[in-house]
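Colleague: need a structure here:
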Amino acid sequence: MIEGFELWVPEKAATCEDGLPQWEILGTDCQFIQFPLRAGRQVTCFSGAMAYMSNGVKMSVKLAGLKKTFGRLAGGGSIFQITYTNEGEEDGYISMTPDYPGILVPIDFSNTGKIVALRDSFLCSTITPSGEETDIGAGFNPANSVIASCCSGFDFIVQTIHGPGTIAFLMAMGTVITKTLESGESILIDGDSLLCFEEGVQIEIEAVGSIATMCCAGEGLFNTKLTGPGKIYLQSMGIDKMRKLFPPTVVKSSTTDGDGGGD
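Modeller: A predicted model of the protein is given here:
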(Lines give C-alpha, C1' and ligand atoms only; values in the text may rest on other atoms or scores of the structure.)
Protein backbone atom coordinates (compact mmCIF):
# COMPACT_ATOMS: atom_id res chain seq x y z
CA MET A 1 0.00 0.00 0.00
CA ILE A 2 1.21 3.56 -0.70
CA GLU A 3 3.11 4.89 2.29
CA GLY A 4 0.96 6.85 4.70
CA PHE A 5 -2.32 5.09 3.87
CA GLU A 6 -3.66 2.31 6.05
CA LEU A 7 -6.43 -0.16 5.33
CA TRP A 8 -8.74 0.23 8.30
CA VAL A 9 -9.59 -2.97 10.13
CA PRO A 10 -11.29 -3.08 13.54
CA GLU A 11 -8.82 -3.35 16.35
CA LYS A 12 -9.34 -6.03 18.93
CA ALA A 13 -11.55 -4.60 21.62
CA ALA A 14 -9.92 -3.64 24.87
CA THR A 15 -11.00 -5.50 27.97
CA CYS A 16 -12.41 -4.03 31.14
CA GLU A 17 -10.67 -4.43 34.47
CA ASP A 18 -12.74 -7.56 35.12
CA GLY A 19 -11.59 -9.12 31.82
CA LEU A 20 -14.86 -8.64 29.91
CA PRO A 21 -14.37 -7.21 26.38
CA GLN A 22 -15.80 -3.72 25.97
CA TRP A 23 -17.40 -4.56 22.62
CA GLU A 24 -17.45 -7.07 19.77
CA ILE A 25 -18.11 -6.43 16.06
CA LEU A 26 -19.82 -9.40 14.42
CA GLY A 27 -19.76 -10.03 10.66
CA THR A 28 -17.91 -8.52 7.72
CA ASP A 29 -20.72 -6.41 6.21
CA CYS A 30 -24.07 -5.19 7.54
CA GLN A 31 -22.50 -5.77 10.93
CA PHE A 32 -23.70 -6.15 14.50
CA ILE A 33 -22.00 -4.37 17.37
CA GLN A 34 -22.44 -6.38 20.56
CA PHE A 35 -21.76 -5.03 24.05
CA PRO A 36 -21.29 -7.44 26.99
CA LEU A 37 -22.70 -5.67 30.04
CA ARG A 38 -21.90 -6.34 33.66
CA ALA A 39 -24.60 -5.34 36.12
CA GLY A 40 -25.03 -1.55 36.11
CA ARG A 41 -23.08 -0.92 32.89
CA GLN A 42 -24.56 1.30 30.19
CA VAL A 43 -24.38 2.17 26.48
CA THR A 44 -26.09 4.94 24.51
CA CYS A 45 -27.32 5.00 20.91
CA PHE A 46 -29.57 6.77 18.44
CA SER A 47 -33.25 5.93 18.22
CA GLY A 48 -34.06 2.55 16.67
CA ALA A 49 -30.52 1.10 16.70
CA MET A 50 -31.14 -1.82 19.08
CA ALA A 51 -31.20 -5.28 17.45
CA TYR A 52 -31.43 -7.59 20.50
CA MET A 53 -30.62 -7.61 24.19
CA SER A 54 -30.78 -9.78 27.28
CA ASN A 55 -33.80 -9.65 29.55
CA GLY A 56 -32.14 -7.65 32.32
CA VAL A 57 -31.21 -4.72 30.07
CA LYS A 58 -33.64 -1.80 30.30
CA MET A 59 -34.02 1.31 28.16
CA SER A 60 -34.40 4.89 29.34
CA VAL A 61 -35.14 7.96 27.21
CA LYS A 62 -34.47 11.59 28.05
CA LEU A 63 -33.81 14.97 26.53
CA ALA A 64 -30.18 15.96 26.83
CA GLY A 65 -30.86 19.62 27.57
CA LEU A 66 -32.00 22.25 25.05
CA LYS A 67 -28.56 23.07 23.65
CA LYS A 68 -27.42 19.46 23.38
CA THR A 69 -30.77 18.31 22.01
CA PHE A 70 -30.68 20.94 19.26
CA GLY A 71 -27.10 19.97 18.48
CA ARG A 72 -27.95 16.26 18.24
CA LEU A 73 -30.93 16.98 15.99
CA ALA A 74 -29.07 19.38 13.68
CA GLY A 75 -26.19 16.92 13.43
CA GLY A 76 -28.50 14.19 12.18
CA GLY A 77 -29.08 12.42 15.48
CA SER A 78 -32.34 11.74 17.28
CA ILE A 79 -33.95 14.34 19.53
CA PHE A 80 -33.85 11.94 22.49
CA GLN A 81 -30.89 10.38 24.25
CA ILE A 82 -31.39 6.60 24.42
CA THR A 83 -29.56 4.74 27.21
CA TYR A 84 -29.54 1.00 27.90
CA THR A 85 -28.57 -0.22 31.38
CA ASN A 86 -28.10 -3.77 32.63
CA GLU A 87 -30.36 -3.66 35.68
CA GLY A 88 -30.09 -7.39 36.33
CA GLU A 89 -27.77 -9.08 38.78
CA GLU A 90 -26.11 -11.26 36.11
CA ASP A 91 -24.04 -10.39 33.06
CA GLY A 92 -26.10 -9.23 30.12
CA TYR A 93 -25.63 -8.01 26.57
CA ILE A 94 -27.06 -5.72 23.92
CA SER A 95 -26.51 -5.55 20.18
CA MET A 96 -27.08 -2.73 17.68
CA THR A 97 -27.06 -2.40 13.89
CA PRO A 98 -26.80 0.47 11.39
CA ASP A 99 -29.93 1.62 9.55
CA TYR A 100 -28.30 1.08 6.14
CA PRO A 101 -25.95 -1.65 4.80
CA GLY A 102 -22.43 -1.00 5.95
CA ILE A 103 -19.68 -1.47 8.47
CA LEU A 104 -18.97 -0.05 11.91
CA VAL A 105 -15.95 2.12 12.68
CA PRO A 106 -15.01 2.53 16.37
CA ILE A 107 -13.37 5.81 17.39
CA ASP A 108 -11.55 5.63 20.73
CA PHE A 109 -11.58 9.08 22.33
CA SER A 110 -8.86 8.16 24.76
CA ASN A 111 -6.55 8.40 21.72
CA THR A 112 -8.08 11.29 19.80
CA GLY A 113 -9.83 14.62 20.26
CA LYS A 114 -13.04 15.89 18.72
CA ILE A 115 -13.90 14.56 15.27
CA VAL A 116 -16.03 16.06 12.52
CA ALA A 117 -18.22 13.51 10.74
CA LEU A 118 -20.99 13.21 8.18
CA ARG A 119 -24.49 13.86 9.46
CA ASP A 120 -26.27 10.67 10.54
CA SER A 121 -22.99 8.73 10.88
CA PHE A 122 -23.14 8.18 14.67
CA LEU A 123 -24.64 4.85 15.75
CA CYS A 124 -23.82 4.29 19.43
CA SER A 125 -21.16 4.67 22.10
CA THR A 126 -19.99 3.36 25.42
CA ILE A 127 -20.50 5.09 28.76
CA THR A 128 -17.58 5.04 31.19
CA PRO A 129 -18.01 3.44 34.65
CA SER A 130 -17.97 6.97 36.12
CA GLY A 131 -20.91 7.98 33.87
CA GLU A 132 -19.09 10.06 31.24
CA GLU A 133 -20.85 9.99 27.88
CA THR A 134 -19.97 10.82 24.28
CA ASP A 135 -21.06 14.32 23.32
CA ILE A 136 -22.95 14.32 20.00
CA GLY A 137 -23.45 17.78 18.56
CA ALA A 138 -23.54 19.78 15.37
CA GLY A 139 -21.44 22.43 13.73
CA PHE A 140 -20.92 24.18 10.43
CA ASN A 141 -18.64 22.79 7.77
CA PRO A 142 -15.18 23.99 8.92
CA ALA A 143 -14.18 25.05 5.40
CA ASN A 144 -12.12 28.21 4.96
CA SER A 145 -14.71 30.01 2.81
CA VAL A 146 -18.42 30.05 2.03
CA ILE A 147 -17.74 28.70 -1.46
CA ALA A 148 -15.74 25.82 -0.02
CA SER A 149 -18.54 25.08 2.45
CA CYS A 150 -21.06 24.85 -0.37
CA CYS A 151 -18.91 23.03 -2.96
CA SER A 152 -16.65 20.71 -0.97
CA GLY A 153 -19.12 17.82 -1.20
CA PHE A 154 -19.20 17.62 2.61
CA ASP A 155 -22.38 18.52 4.49
CA PHE A 156 -22.92 22.21 5.33
CA ILE A 157 -24.08 21.06 8.79
CA VAL A 158 -21.79 18.37 10.21
CA GLN A 159 -21.85 16.08 13.20
CA THR A 160 -19.31 16.73 15.96
CA ILE A 161 -18.40 13.85 18.27
CA HIS A 162 -16.12 13.68 21.28
CA GLY A 163 -16.04 12.17 24.73
CA PRO A 164 -13.50 11.63 27.52
CA GLY A 165 -12.54 7.98 27.50
CA THR A 166 -15.57 6.74 25.55
CA ILE A 167 -15.71 4.79 22.29
CA ALA A 168 -18.13 5.92 19.56
CA PHE A 169 -19.16 3.78 16.60
CA LEU A 170 -19.75 5.37 13.20
CA MET A 171 -21.63 3.91 10.24
CA ALA A 172 -19.62 3.63 7.02
CA MET A 173 -19.98 1.81 3.70
CA GLY A 174 -17.56 -0.13 1.53
CA THR A 175 -13.86 -0.21 2.39
CA VAL A 176 -12.44 2.30 4.89
CA ILE A 177 -8.89 3.61 4.76
CA THR A 178 -7.16 6.16 6.97
CA LYS A 179 -4.33 8.62 6.59
CA THR A 180 -2.68 10.88 9.16
CA LEU A 181 -1.85 14.21 7.55
CA GLU A 182 1.19 16.03 8.87
CA SER A 183 1.03 19.78 9.48
CA GLY A 184 0.73 21.47 6.06
CA GLU A 185 0.32 18.17 4.19
CA SER A 186 -2.63 18.15 1.77
CA ILE A 187 -4.65 15.57 -0.14
CA LEU A 188 -7.32 15.98 -2.85
CA ILE A 189 -10.39 13.78 -2.49
CA ASP A 190 -13.90 13.38 -3.83
CA GLY A 191 -16.26 14.77 -1.19
CA ASP A 192 -18.44 11.65 -1.26
CA SER A 193 -15.46 9.59 -0.04
CA LEU A 194 -15.07 11.41 3.26
CA LEU A 195 -16.38 9.82 6.47
CA CYS A 196 -14.78 11.89 9.23
CA PHE A 197 -11.62 13.71 10.27
CA GLU A 198 -9.97 15.12 13.37
CA GLU A 199 -10.84 18.69 14.29
CA GLY A 200 -7.48 20.15 13.23
CA VAL A 201 -7.92 19.25 9.55
CA GLN A 202 -8.75 22.17 7.24
CA ILE A 203 -11.11 21.99 4.23
CA GLU A 204 -10.69 23.90 1.00
CA ILE A 205 -11.66 23.34 -2.63
CA GLU A 206 -9.56 23.26 -5.77
CA ALA A 207 -10.76 23.44 -9.36
CA VAL A 208 -10.43 20.11 -11.13
CA GLY A 209 -8.75 21.73 -14.16
CA SER A 210 -9.73 23.38 -17.39
CA ILE A 211 -13.30 24.07 -18.52
CA ALA A 212 -13.17 20.93 -20.66
CA THR A 213 -12.10 18.90 -17.63
CA MET A 214 -14.87 20.38 -15.51
CA CYS A 215 -17.51 19.57 -18.12
CA CYS A 216 -16.34 16.18 -19.36
CA ALA A 217 -14.29 14.40 -16.68
CA GLY A 218 -17.26 13.45 -14.52
CA GLU A 219 -15.66 14.89 -11.36
CA GLY A 220 -17.67 18.10 -11.14
CA LEU A 221 -16.15 21.54 -10.80
CA PHE A 222 -14.06 21.12 -7.65
CA ASN A 223 -12.10 18.58 -5.68
CA THR A 224 -12.07 18.71 -1.90
CA LYS A 225 -8.69 19.60 -0.43
CA LEU A 226 -7.85 18.46 3.11
CA THR A 227 -4.84 19.89 4.91
CA GLY A 228 -3.34 18.57 8.14
CA PRO A 229 -2.52 18.12 10.88
CA GLY A 230 -4.96 15.36 11.70
CA LYS A 231 -6.28 11.92 10.82
CA ILE A 232 -8.85 11.41 8.07
CA TYR A 233 -11.14 8.44 7.36
CA LEU A 234 -12.20 7.71 3.76
CA GLN A 235 -14.88 5.27 2.59
CA SER A 236 -15.22 3.74 -0.85
CA MET A 237 -19.03 3.84 -1.03
CA GLY A 238 -20.56 6.54 1.15
CA ILE A 239 -24.31 6.70 1.66
CA ASP A 240 -24.58 9.91 -0.42
CA LYS A 241 -22.75 8.22 -3.29
CA MET A 242 -25.10 5.26 -3.00
CA ARG A 243 -28.15 7.54 -3.11
CA LYS A 244 -26.92 9.08 -6.37
CA LEU A 245 -26.89 5.61 -7.93
CA PHE A 246 -30.52 5.02 -6.95
CA PRO A 247 -32.38 8.33 -7.23
CA PRO A 248 -36.02 8.35 -6.11
CA THR A 249 -38.52 7.50 -8.81
CA VAL A 250 -41.43 9.89 -9.36
CA VAL A 251 -44.61 8.06 -10.33
CA LYS A 252 -47.03 10.13 -12.36
CA SER A 253 -50.69 9.27 -11.96
CA SER A 254 -52.93 9.46 -15.03
CA THR A 255 -56.12 11.53 -14.87
CA THR A 256 -59.18 11.69 -17.06
CA ASP A 257 -61.71 14.39 -17.75
CA GLY A 258 -65.22 14.50 -16.38
CA ASP A 259 -66.41 11.81 -13.99
CA GLY A 260 -63.46 9.50 -14.57
CA GLY A 261 -64.91 7.75 -17.62
CA GLY A 262 -63.27 7.72 -21.03
CA ASP A 263 -64.17 7.13 -24.62
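Colleague: Which stretches in the stretch 101-250 of the chain count as strands?
Modeller: 103-108, 115-117, 122-126, 135-140, 157-162, 167-172, 176-181, 186-189, 194-198, 202-207, 222-227, 230-235 (DSSP state E, counting those that start in this stretch).
Colleague: Let me know which of those is the nearest to residue 43.
Modeller: strand 122-126 (5.8 Å; CB to CB). (Each C-beta comes from the backbone N, C-alpha and C, glycine too.)
Colleague: mind putting the strands of the stretch 101-250 of the chain in CSV, mean neighbour count and distance to residue 3 included?
Modeller: Shown next, in CSV, are these (neighbours: other CB atoms under 10 Å; distance: least, CB to CB, whole Å):
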stretch, mean neighbour count, distance to residue 3
strand 103-108, 20, 22
strand 115-117, 25, 24
strand 122-126, 25, 31
strand 135-140, 18, 32
strand 157-162, 21, 29
strand 167-172, 26, 23
strand 176-181, 18, 10
strand 186-189, 15, 13
strand 194-198, 24, 20
strand 202-207, 18, 22
strand 222-227, 20, 17
strand 230-235, 22, 16
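Colleague: between those strands, which gets nearest to residue 35?
Modeller: Among these, strand 122-126 sits nearest to residue 35 (CB to CB), with 7.3 Å.
Colleague: I'd like the average pLDDT over that closest one.
Modeller: Summarised as a single mean, pLDDT over strand 122-126 is 91.
Colleague: Please apply the same query to stretch 173-186.
Modeller: 93.
Colleague: quick one: the nearest residue to residue 97 once chain neighbours are set aside from residue 237, how far?
Modeller: Distances taken as CB to CB, 6 or more residues apart in numbering put residue 51 closest to residue 97, at 4.7 Å, once the chain neighbours are dropped. According to CB to CB, to the nearest Å, residue 51 stands 22 Å off from residue 237.
Colleague: what's near enough to touch the residue nearest to residue 97?
Modeller: Residue 51 makes contacts with 32, 95, 96, 97, as judged by CB atoms under 8 Å, 6 or more residues apart in numbering.
Colleague: Please enumerate the helices of this structure.
Modeller: Ranges of helices within the chain are 66-74, 146-151, 211-216, 239-245, based on DSSP state H.
Colleague: Between the two ends of stretch 40-50, how far is it?
Modeller: 18 Å (CA to CA, to the nearest Å).
Colleague: Actually, stretch 113-123.
Modeller: Terminal residues of stretch 113-123 lie 18 Å apart, using CA to CA.
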